[in-house]
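Engineer: Show me how the following folds:
(chains A and B)
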Amino acid sequence: MSSRKTYYVTTPIYYVNDVPHIGHAYTTLACDVLARFMRLDGRDVHFLTGTDEHGQKIEKAAAAAGLAPQAFADKVSVSFRELIGAMNYSPDNFIRTTEPRHYRACQALWEKLEEAGDIYLGKYAGWYSVRDETYFVEGETEVGPDSKRRALSTGAEVEWVEEPSYFFRLSAWAERLLAFYEANPRFIAPESRRNEVLSFVRGGLQDLSVSRTSFSWGVPVPGDPKHVMYVWLDALTNYITECGYPDTSDALWKFWPADLHMVGKDIIRFHCVFWPAFLMAAGVAPPQRVFAHGWWTNEGQKISKSLGNVIDPVELVATYGLDPVRYFLLREVPFGNDGDFQRRAMIGRLNGDLANAYGNLCQRVLSIVARNCGGQVPGKGPLIDADTALLERARALLAIVRTELEEQAFHRALAALWDVVGEANRYVDAQAPWALAKTDPARRDTVLWVLAETIRRVTLLVQPFMPGSAARILDQLAVPEAQRAFSAFDAELLPGTALPAPQGVFPRYAEPAKAAS
RNA sequence: GGGCCCGUAGUUCAGUGGUUAGAACGAGCCGCUCAUAACGGUUAUGUCGCAGGUUCGAAUCCUGCCGGGCCUACCA
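Structural biologist: The predicted structure is shown next:
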């Protein structure tokens, strides 16, 4: 079955300097939904996430914790693996930059860049802030009244530091990058980010320092082990390490170039400028698309550790339930925009969209079926216009969701599904199967069949977003496991099939009783 | 300083030249009673940031201004 179309989606590898927060959860969630959708749609999917474990910060943090860097990385990496279970993600692999195969890939890539003449030895010099661990250009610093020079942005003291460094000839790539963007308009999304990158590259590029000698926790530069590779060159390479690079006969190489790198908007330059330049220089095809999503704020406030308003995804799930959180994050905000996490909005979506509209639709239909149809899928009689209209709306959903997810428009995909949920609720009221029970049981059965069939189609498409809840609903419709992929989208419910007793899937969220004080 | 984007009902947004500007949530009223006190119908909301201009016609195009965001460059 090697003829199936592949789909390779990646999260950034997360820096183990930090514990997982809503931003990490959001990025991986988006990838998870795409991976699940594509699998159900018959694609040969590879979904990769992992951790970035090198760099001076890790080296220092490890020393402070009295651990070897590797032991420290091992420890922190675990919290990102735990998030996978907590959020029900479905990655095919979890990569770590400290794996031997990754060293091989980085060094092979480096050698290619060197062979191509895109790497040279120079000197990295600038105003260095020890506190920020960053170099600043002269203009970013200022000499204070005490005649000490400080970084304008952070106020930290800086000192002039020079160290030997290898450089990547990025300056030579601006024109070729622009040509690449031109030829691949889908490469950067959303559009506003694309404009940003274009104007950045049009402004000219400077060569990029790609090695350091001031610390040693990293991938050694081939032939000059005093240097370790710049963390971003190291980190980005993970995407091809996974596919076996430099061994293009590896079984996973078929997944390259990746269909999508999902990233936060803060690291767009690394993915949209540096990465394609590295790859083109090394003679490797660049990825097909980079999507930069936005940030969350918390009740209108910027999230920061110092404000203490960091959102812990595990806590969210404990409060509102896993699938409601997954739904909310992708439904509430047009994907690509910044979003505001509001407790009131979260509860609104949970109670309004999930409990009242969708959950209650399933419940009201299935309980009439249970009571009237002997616990079986009801019989299907002749269809009237109202029936075919609703069924047609449901049937059209697969193509709609497919189109929206090609563009990572999760919010629009969900809106389309919920349009049909609303349509189904109106149909229930219009057809009033409880009244038909007394006058025309056969017609009642047809109405219930139409509804059950509509719920089946909607729920098949809900699976990638809320896998657990969708499975429970499909169980209640007695849809066999083998008929939950989209290849069975048109395999209608068979009248007479035995059904289990219905059970609510999305309980309403009730405010915890206020503590009297 | 340059560039990009945004400012539309109480709220979140859709609408990018053409009849009385839409949706959802929230609010009021009515109906239903199968269902998780859920569902459906219906009503009301708006100087479409401000001011000019182009046009038979502008939320939509142009100019300026005000307000907000993002990217980027820095001044001597």
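Engineer: residue contacts, the residue of the stretch 201-350 of chain A found nearest RNA strand B?
Structural biologist: Per Cβ to the nearest atom of the strand, A:Gly348 is where the stretch 201-350 of chain A lies closest to RNA strand B, at 4.9 Å. All C-beta atoms are positioned from the backbone trio N, CA, C, and that covers glycine. Neighbour list for A:Gly348: empty [criterion: Cβ atoms under 8 Å, 6 or more residues apart in numbering].
Engineer: That one sits in which helix or strand?
Structural biologist: For A:Gly348, the host element (DSSP states H and E) is helix A:343-348.
Engineer: circling back: from A:Cys362, how far out is the residue of the stretch 201-350 of chain A closest to RNA strand B?
Structural biologist: In this view, A:Gly348 and A:Cys362 are 20 Å apart by Cβ to Cβ, to the nearest Å.
Engineer: and A:Trp127, which of the three is it?
Structural biologist: Under the three-state scheme (DSSP: H, G, I helix; E, B strand; the rest coil), A:Trp127 adopts strand.
Engineer: quick one, what contacts the nearest residue to it once chain neighbours are set aside?
Structural biologist: Nearest non-adjacent residue to A:Trp127, counting by Cβ to Cβ, 6 or more residues apart in numbering: A:Val158, 4.0 Å away. Contact analysis of A:Val158 by Cβ under 8 Å, 6+ apart lists A:127-129, A:136, A:141, A:149-151.
Engineer: Turn the residues you listed into TSV, columns for neighbour count, distance to A:Leu236 and pLDDT.
Structural biologist: Converted to TSV, those look like this (neighbours: other Cβ atoms under 10 Å; distance: Cβ to Cβ, whole Å; pLDDT from 0 to 100):
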residue	neighbour count	distance to A:Leu236	pLDDT
A:Trp127	20	26	80
A:Tyr128	22	24	80
A:Ser129	23	25	75
A:Phe136	20	24	73
A:Thr141	19	29	71
A:Arg149	17	32	78
A:Arg150	19	32	75
A:Ala151	20	26	70
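Engineer: What is the most widely separated pair among those?
Structural biologist: A:Tyr128 and A:Arg150 (12.2 Å; Cβ to Cβ).
Engineer: Give me the mean pLDDT for the helix or strand harbouring A:Asp74.
Structural biologist: Counting by DSSP H and E, the element that carries A:Asp74 is helix A:69-87. Computed over helix A:69-87, the mean pLDDT rounds to 94.
Engineer: can you give me the strands for the stretch 1-150 of chain A?
Structural biologist: In the stretch 1-150 of chain A, the segments counted as strands under DSSP state E, counting those that start in this stretch are A:6-15, A:44-52, A:93-96, A:119-129, A:134-136, A:141-143, A:149-151.
Engineer: Where do the domain boundaries of chain A fall?
Structural biologist: A:6-118+A:169-294, A:343-488 (automatic domain parsing).
Engineer: Pipe those into CSV and attach distance to A:Thr497 per row.
Structural biologist: Putting the domains of chain A into CSV (distance: least, Cβ to Cβ, whole Å) gives the following:
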stretch, distance to A:Thr497
domain A:6-118+A:169-294, 21
domain A:343-488, 4
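Engineer: before we move on, back to that, among the strands of the stretch 1-150 of chain A, which is nearest A:Glu392?
Structural biologist: strand A:6-15 (28.6 Å).
Engineer: one step back: the helix holding A:Asp74 versus strand A:44-52: what angle between them?
Structural biologist: 130 degrees (axes from the mean of the first three to the mean of the last three Cα atoms, to 10 degrees).
Engineer: Contacts for helix A:69-87, please.
Structural biologist: A:14, A:16-17, A:19-20, A:24-25, A:28-29, A:32, A:49-51, A:53, A:58-59, A:61-62, A:65, A:67, A:89, A:91, A:94, A:96, A:98, A:217, A:313-314, A:317, A:322, A:326.
Engineer: which residues sit against stretch A:489-502?
Structural biologist: Contact with stretch A:489-502 is made by A:362-363, A:366-367, A:369-370, A:375-380, A:395, A:398, A:445, A:449, A:452-453, A:456-457, A:460, A:475-479, A:483, as judged by Cβ under 8 Å, 6+ apart.
Engineer: quick check: mean pLDDT across it?
Structural biologist: Stretch A:489-502 comes out at a mean pLDDT of 97.
Engineer: and that stretch with RNA strand B, contact?
Structural biologist: No. Residues of stretch A:489-502 are not located near RNA strand B by Cβ under 7 Å from any atom of the strand, the shortest gap being 8.6 Å.
Engineer: for RNA strand B, what are the nearby residues on the stretch 51-200 of chain A?
Structural biologist: A:137-139, A:192, A:195-196, A:199-200.
Engineer: Widest-spaced pair of the residues you listed?
Structural biologist: Farthest pair in those (Cβ to Cβ) is A:Glu138 and A:Ser192. Separation: 30.8 Å.
Engineer: Give the buried residues for stretch A:209-225.
Structural biologist: Within stretch A:209-225, the residues that count as buried by 16 or more other Cβ atoms under 10 Å are A:209-212, A:215, A:217-221.
Engineer: what pLDDT, on average, does it get?
Structural biologist: Mean predicted confidence for stretch A:209-225 is 94.
Engineer: got the CA coordinates for that stretch in PDB?
Structural biologist: Backbone C-alpha positions of stretch A:209-225 (Å, rounded to 0.1, in the frame of the first residue of the first chain) are rendered in PDB as follows:
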ATOM      1  CA  SER A 209      26.400  32.500  12.900                       C
ATOM      2  CA  VAL A 210      25.900  28.700  13.100                       C
ATOM      3  CA  SER A 211      28.400  27.600  15.700                       C
ATOM      4  CA  ARG A 212      29.500  28.500  19.200                       C
ATOM      5  CA  THR A 213      32.600  27.800  21.300                       C
ATOM      6  CA  SER A 214      31.300  29.300  24.500                       C
ATOM      7  CA  PHE A 215      29.600  26.100  25.600                       C
ATOM      8  CA  SER A 216      29.700  22.500  24.700                       C
ATOM      9  CA  TRP A 217      26.200  21.000  25.100                       C
ATOM     10  CA  GLY A 218      25.300  20.500  21.500                       C
ATOM     11  CA  VAL A 219      26.200  18.700  18.300                       C
ATOM     12  CA  PRO A 220      29.900  19.000  17.600                       C
ATOM     13  CA  VAL A 221      30.900  20.600  14.300                       C
ATOM     14  CA  PRO A 222      32.500  17.900  12.000                       C
ATOM     15  CA  GLY A 223      36.200  18.400  11.900                       C
ATOM     16  CA  ASP A 224      36.300  21.200  14.500                       C
ATOM     17  CA  PRO A 225      34.900  19.800  17.700                       C
END
